[in-house]
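> sequence and predicted structure, then a few things I'm wondering about:
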Amino acid sequence: MKVTPVIMAGGSGTRLWPLSRSWFPKQFLSLAGSDSMLQSTVSRSEPLGAAAPILLCNADHRFLVAEQLRANKVEGARIILEPAARNTAPAIALAALDVLAKGDDSLMLVLAADHVIKNEAAFADAVNKAQPLADAGQVVTFGIVPNAPETGYGYIQCGAANDDGFAVNRFVEKPNLEVAKQYLAEGGYLWNSGMFLVKASVYLEELKQYAPEIYKACLASYDNKADDLDFVRVGEEDFLACPDDSIDYAIMEKTTKAVVVPMDAEWSDVGSWSALWELDEKCGDGNSKHGDVILHDTKNSLVHGTSRLVSTIGVEGLIVVETKDAVMVAAKDRVQDVKAVVAELKAQDRTEHIHHREVYRPWGHYDSIDSGERYQVKRITVKPGAKLSVQMHHHRAEHWIVVSGTAKVTNGDNELLLTENQSTYIPVGVIHALENPGKVDLELIEVQSGSYLGEDDIVRFDDRYGRA
């Protein structure tokens, strides 16, 4: 039977701050190779002969998802936008409804977009073993063979053998260290990976039986869906009325069809900087480094630089992460406290937990390279053929200077074609637009000046990306 990957790409993880931000969370980062974690998740399903994937994400991340799929030449993917975070049970329900809407009751391989699996052959072997069980109407989950008394994961206790899997005796919440050691000593316990294989119709049948409110809300929301460019927008009002619940609580702990298949594939959910250090290849003295890094008399540390030289001297057991707008230094055994820093950023009404200095948009990206009272300077990159919205600002004027490429500019009643070293001035309140008509990236410097420079001072009149 055909397998449809269902990839959950929502979430705004903060445990890998400052690299991960709510506008650019870890699933879009390249942490374990050249591809992002999302791209790797899609790629590892391809050798299974899988159909085009279904991805679920929130609307703020839709263009990131689409761009990363395009970069990996993934065709035919369905991108379903969740109006709000409602956990995994509703998300999977939307995917199941989408599968059945095509008249194809295929197996859904449910994966999180932010996991790392180093042994992809073992991953594929476990999925292949699970297929006959899912074909027979079982709800299959994958349990990771534990290699340590991990307290950061939930556990699954295995019951009687069932072909290549086991009946599920019970799901166990994250244990303390002593209990985790006991589980490893006893045997028969697996880490709960959050990956599943289940027929679309079976999932909806179980959801209807054990979580009828979720089923009804998702069915109504899906019935009110609308296409938006390459995306599927489900009915917002119905989805907001849906209970917030995981598949574990909604179905797996209640169903009589739960089966677990062991997987020993060097898996990690990369839930902290120390987990990434454990995954990384070491360059000597137990150190992991990324970027322009010089280590001297440094041991058992992770040092990650993104925009400048980072050096360490005479330290041990540290996590050092540098971005263009933030630097974090933490003891390796205290990285779970990153959430306290993020909480403080929120309390101070700052933005460093929301977005990077460099912000991605569907037309390209911009880097806020300088700012002060009543001014801000950005370096803007527009992709070939892309166009920013037709817009105006109430509080700021803008001066554009082309660095490279060609800019087609609407400035009030005038239409200009600007090339390298040419510029234009846009007064407050003037309707304007910027387009790249060329075959290479357009780069320009934008100097904003005015009494208010927030991104919400934009009135859009027309936008090819549906934001007007």
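That came through, no problem.
> tally of neighbours for residue 104?
If you count neighbours by other C-beta atoms under 10 Å, residue 104 ends up with 13. C-beta here means a position set from N, CA and C on the backbone, and glycine is covered the same way.
> ramachandran coordinates for it?
Taking degrees, to the nearest 10, you get phi -130, psi 100 for the backbone angles of residue 104.
> that one contacts residue 3, doesn't it?
No - in this structure, residue 104 is not within contact of residue 3 by C-beta atoms under 8 Å, at 11.1 Å.
> how about the helices in the stretch 51-200 of the chain?
All helices of the stretch 51-200 of the chain, identified by DSSP state H, counting those that start in this stretch, fall at 62-71, 88-101, 120-135, 177-186, 200-210.
> quick check: which of those is nearest to residue 410?
Proximity to residue 410 (C-beta to C-beta) singles out helix 62-71 among those, at 22.4 Å.
> now do the buried residues in the closest one.
The neighbour-count check on helix 62-71 (16 or more other C-beta atoms under 10 Å) flags 62-66, 68-69 as buried.
> cool, and stretch 341-361?
341-342, 345, 351-353, 355-361.
> in helices, which of those residues appear?
Members of the buried residues of stretch 341-361 lying in helices (criterion: DSSP state H): 341-342, 345.
> read off the pLDDT value for residue 366.
As predicted, residue 366 sits at a pLDDT of 96.
> go on, residue 10?
85.
> who's in contact with it?
Counting by C-beta atoms under 8 Å, 6 or more residues apart in numbering, residue 10 makes contact with 56-58, 61, 82, 85, 91.
> and those residues, which are buried?
Burial by neighbour count, 16+ other C-beta under 10 Å: within these this picks out 56-58, 61, 82, 91.
> out of the residues you listed, who's nearest residue 401?
residue 61 (31.2 Å).
> residues contacting the closest one?
9-10, 23, 25, 28.
> if I look at it, how far off is residue 463?
Applying C-beta to C-beta, to the nearest Å, the value for residue 61 to residue 463 is 18 Å.
> for the chain, longest strand please?
strand 189-199 (DSSP state E).
> buried set for that strand?
189-199.
> same deal with stretch 234-247?
In stretch 234-247, counting by 16+ other C-beta under 10 Å, buried: 234-235, 238-239, 242, 245-247.
> closest to residue 125 out of the residues you listed?
Distances from residue 125 to the buried residues of stretch 234-247, taken as C-beta to C-beta, are shortest for residue 247 (23.3 Å).
> so how far is residue 98 from residue 82?
13 Å.
> please read the previous query as pertaining to residue 138.
22 Å.
> so which helix or strand of the chain has the lowest pLDDT on average?
strand 226-228 (a mean of 88; mean pLDDT, DSSP states H and E).
> so what are the sheet partners of that strand and their directions?
Strand 226-228 pairs in its sheet with strand 231-233 (antiparallel), by DSSP bridges.
> check which element follows the partner strand along the chain.
helix 236-240 (DSSP states H and E).
> let me see the mean pLDDT of that next one.
Helix 236-240 carries an average pLDDT of 95.
> what's the spacing between that helix and its chain's center?
Relative to its chain's centre, helix 236-240 lies at 22 Å (C-alpha atoms, centre = their mean, to the nearest Å).
> also stretch 455-467?
24 Å.
> which parts of that stretch are buried?
Buried residues in stretch 455-467, counting neighbours by 16+ other C-beta under 10 Å, are found at 457, 463, 465.
> so which of these comes closest to residue 229?
Set against residue 229, the nearest of the buried residues of stretch 455-467 by C-beta to C-beta is residue 465 (7.0 Å).
> what lies in contact with stretch 180-193?
Under the contact criterion C-beta under 8 Å, 6+ apart, stretch 180-193 has outside partners 115, 141-146, 148-151, 153-158, 171-172, 175, 248, 260, 262-263, 267, 269.
> my bad, should have said stretch 439-454
So stretch 439-454 is contacted by 364, 366, 371, 374-384, 393-407, 428, 434, 436 (C-beta under 8 Å, 6+ apart).
> also stretch 199-213?
1, 4, 89, 92-93, 95-97, 99-100, 105-108, 134-135, 137-139, 214-215, 218, 242-243, 245, 250-251, 254-255, 257.
> among these, the buried ones, what's the ChimeraX command?
Command for ChimeraX, covering only those of the contacts of stretch 199-213 found buried under the criterion 16+ other C-beta under 10 Å:
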select :4,89,92,93,95,96,97,99,100,105,106,107,108,134,138,139,214,215,218,242,245,250,251,255,257
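> would CSV of the buried residues of stretch 234-247 with distance to residue 77 be doable?
CSV is the format used below for these (distance: C-beta to C-beta, whole Å):
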residue, distance to residue 77
234, 16
235, 21
238, 24
239, 21
242, 24
245, 26
246, 24
247, 22
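> wait, doesn't residue 49 sit right on residue 1?
No - if you go by C-beta under 8 Å, residue 49 and residue 1 don't touch, sitting 10.5 Å apart.
> against residue 6, how distant is residue 111?
7 Å.
> between those two, tell me which one has more neighbours.
When residue 111 and residue 6 are compared for neighbours, residue 6 comes out ahead with 29 against 26, by other C-beta under 10 Å.
> out of the buried ones among the contacts of residue 10, which one sits closest to residue 273?
Distances from residue 273 to the buried ones among the contacts of residue 10, taken by C-beta to C-beta, are shortest for residue 61, at 22.2 Å.
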